[in-house]
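Participant: got a predicted model here, sequence first, then my questions.
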Amino acid sequence: MNPTVREVNETARAQGRFASLRHDPLWITRGSIPLASSVVRGVGSPTLTPPGPVGLPIVGSVLEMRREPFEFFRRCSQEFGDIYRVPFPVGGSIIVVNHPDYASQVMDDPVGRYSMIGPGQAAMGLIGAAIPMLEGEKFRQRRRMLMPMFGRRHLARVAEVIADEFVRRIDGWSQWANTGGVVDLQHAIAQVTLPAFLRAMFSSSITAQEIHETDVDLRTFMSLMASVTMMSPLPRLIPMPGRDTAPRSMWRLRRLTRKLIKERRRNPVDTPDLLSLLLEATYDDGSPLSERDLSMELMILMAGGYETVVASLSWTLALLLSHPDHLQRLYTEVDLLEGAVPTPEDLPKLAWAKACFDEGQRLQGHPLNPRFAMEDDVIGGYFIPQYTIVGPSLYSIHRDPRWWADPDAYDPNRFMDEALAKSRPRLAFMPFGSGRHHCLGTGMAYMNAQFLLSIIFQRYRLTLPGGWKPKHHFNFSVTIDGGLPVTLTRA
């Protein structure tokens, strides 16, 4: 830990607090409203509300945040410290926490004080609820249903199917090799991972047209989710990506999931997969998942099972290709496979590939991982009223100089030094979340990333355009704005 940085942050926190109050004519209400609410509910006198930007009348800081969410949160953390308040329209706000200990209080909460979906839980029955939208006993039972399909034993069973699909489709990239043409590798990776995921987890194949439509529709679906997550319920005058095309995309995704369900019921498979498990699963009272829940669970699994890996791997490649020394070390590691298709037994040999992926995820970051406070709480001495949106900014924490030396540099060695890793707070790095909502597919994501890096660099050498640098685009996952342009040559 760097004590100098901590002192600077504490000073910034104090200065930012007074600055935000000095320029905010309504500062007194920031404490009196929670105080009145607290007294009515009989929970005693709260402490002060966090500092933060003043924002504009009526709309708060949402326009600035919307324009540049990553650097907005980072600037706020540098100015206001480890916890701050961002004003939202019509008197609302979100609270951002930037210390791993504060993040743990929110993410690792064991008693349901913080919720993924909050007061919107009751509406989930209308559209169907997937596991990220559940809390309480329903969540625990649904997680028990899904966990076997993401454990090591099942991953070992499907690894050959995944690797085979990766090889078959990546071999098809040879049509672009040695042509000098520029390819959007982010899009190309999506065309590889989606069919592989469907084949491995649902024992299903879809047509090229369905792959294209599903890729578009899942991105639209996630864009809509991103708008809601980042902006909360807002007036229609504020633009929200995905609104115009979301109904059509949702309809096509529903159609695809109904097709998968109908085909499986008509043609059961001998080897259990995720789809058969969901169809046969029951809650403790013996009731099955509703059709709406089944459909929504499949959509969320498809989005999380392929799109997040596409985004993280694209960031990894974009950064790795700009660092020849790190790239050469990966070539050397991949050569140890002697051209063979990777298997789960090879994963320990691919430690550098995993480190490259982790460092890519660190710099990829995420603007905000929000939760709803389901009751009043206090974090770092500041009052958090019930139903406030609270969460860590992974982009800020992952680039905090207290935990990461030269934080903007791409250096996979950070993840090869066990002593260094143990010296950091546990949640200084949390690409897959933490606590009870920790991503079920973490093991699959790492296996897919290590497989893909190996298979790609066994076959090709990739080159970025001169001077090109990746830019963040928030689409629920964090993709590269405009894609990943590369030229391919055969290895």
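Facilitator: Received, thanks.

Participant: switch to C-alpha atoms for all contacts and neighbour counts from now on
Facilitator: OK.

Participant: return the helix or strand in this protein with minimum mean pLDDT.
Facilitator: Here the helix or strand of the chain ranked lowest by mean pLDDT, DSSP states H and E is helix 3-22, holding a mean of 38.

Participant: just give the closest residue to residue 190, not the sequence neighbours.
Facilitator: Counting by Cα to Cα, 6 or more residues apart in numbering, residue 190 lies nearest to residue 310, which is 5.8 Å off, once chain neighbours are set aside.

Participant: number of nearby residues for that neighbour?
Facilitator: For residue 310, the tally of surrounding residues (other Cα atoms under 10 Å) stands at 28.

Participant: what's next to the strand or helix carrying it, contact-wise?
Facilitator: Applying DSSP states H and E as the criterion places residue 310 in helix 308-320. With contact meaning Cα atoms under 8 Å, 6 or more residues apart in numbering, helix 308-320 is reached by 185-186, 189-190, 193, 326-327, 356-357, 359-361, 364, 410, 445, 448-449, 464, 469-470, 477-480, 484.

Participant: the same query, at a cut-off of 7 Å, please.
Facilitator: With contact meaning Cα atoms under 7 Å, 6 or more residues apart in numbering, helix 308-320 is reached by 186, 189-190, 326-327, 356-357, 360-361, 364, 410, 445, 449, 470, 477-480, 484.

Participant: likewise for stretch 405-418?
Facilitator: For stretch 405-418, the surrounding residues in contact (Cα under 7 Å, 6+ apart) are 319, 355-356, 359, 399-401, 421.

Participant: give the next helix or strand downstream of the top helix by length along the chain.
Facilitator: Secondary structure of the chain per DSSP state H: the longest helix is helix 208-231. As assigned by DSSP H and E, the chain's next helix or strand after helix 208-231 is helix 246-266.

Participant: other SSEs contacting that next one?
Facilitator: The contact analysis (3 or more Cα pairs under 7 Å, 6 or more residues apart in numbering; DSSP states H and E) places helix 246-266 against helix 208-231, helix 291-302.

Participant: which of the ones you listed has the lowest mean pLDDT?
Facilitator: Looking at the helices and strands packed on helix 246-266, the lowest mean pLDDT belongs to helix 208-231 (a mean of 75).

Participant: chain center to that one, what's the gap?
Facilitator: Relative to the centre of its chain, helix 208-231 is centred 14 Å away, using Cα atoms, centre = their mean, to the nearest Å.

Participant: can you start the count at 643 instead of 1 from here on
Facilitator: Sure, I'll start counting at 643 from here, so that last one is helix 850-873.

Participant: tell me what angle it forms with helix 888-908.
Facilitator: Here helix 850-873 runs at an angle of 130 degrees relative to helix 888-908 (axes from the mean of the first three to the mean of the last three Cα atoms, to 10 degrees).

Participant: so which elements touch helix 850-873?
Facilitator: In terms of contacts (3+ Cα pairs under 7 Å, 6+ apart), helix 850-873 is packed against helix 888-908, strand 1114-1117.

Participant: off-centre distance for the shortest one?
Facilitator: This means strand 1114-1117. 11 Å.

Participant: now do the helix or strand harbouring residue 1085: distance to the chain's middle.
Facilitator: Assigned by DSSP H and E, residue 1085 belongs to helix 1084-1101. Distance, stretch centre to chain centre, for helix 1084-1101: 18 Å (Cα atoms, centre = their mean).

Participant: downstream of that helix, the next helix or strand is which one?
Facilitator: strand 1102-1105.

Participant: CA atoms of that next one as CSV?
Facilitator: Output of strand 1102-1105 as CSV, limited to C-alpha atoms (Å, rounded to 0.1, in the frame of the first residue of the first chain):
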residue,chain,number,x,y,z
TYR,A,1102,-2.4,-16.4,-36.8
ARG,A,1103,-0.4,-13.3,-36.1
LEU,A,1104,-2.5,-10.2,-35.5
THR,A,1105,-1.6,-6.6,-36.2
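
Participant: list the helices and strands it packs on?
Facilitator: If you count contacts as 3+ Cα pairs under 7 Å, 6+ apart, strand 1102-1105 packs onto strand 1127-1132.

Participant: which parts of the strand it packs on are buried?
Facilitator: For strand 1127-1132, the buried set under the neighbour-count rule, 16 or more other Cα atoms under 10 Å, comprises 1127-1131.

Participant: picking up where we left off before, now, of the helices and strands packed on helix 888-908, which is deepest in the fold?
Facilitator: helix 933-944 (a mean of 20; mean count of other Cα atoms under 10 Å).

Participant: what is the rounded mean pLDDT of the helix or strand where residue 809 lies?
Facilitator: If you go by DSSP H and E, residue 809 is part of helix 794-813. For helix 794-813, the mean pLDDT works out to 93.

Participant: what's in contact with it?
Facilitator: Applying Cα under 7 Å, 6+ apart, the set of residues contacting helix 794-813 is 834, 838, 842, 985-986, 1086, 1093, 1097-1098.

Participant: just stretch 1117-1129 next, same as before
Facilitator: 822-828, 864-865, 867-868, 950, 953, 956-957, 960, 1006, 1008, 1104-1107, 1112-1115.

Participant: filter these to the buried ones?
Facilitator: Using 16+ other Cα under 10 Å as the burial test, these include 824-825, 827-828, 864-865, 867-868, 950, 953, 956-957, 960, 1006, 1008, 1104, 1106, 1112, 1114-1115 as buried.
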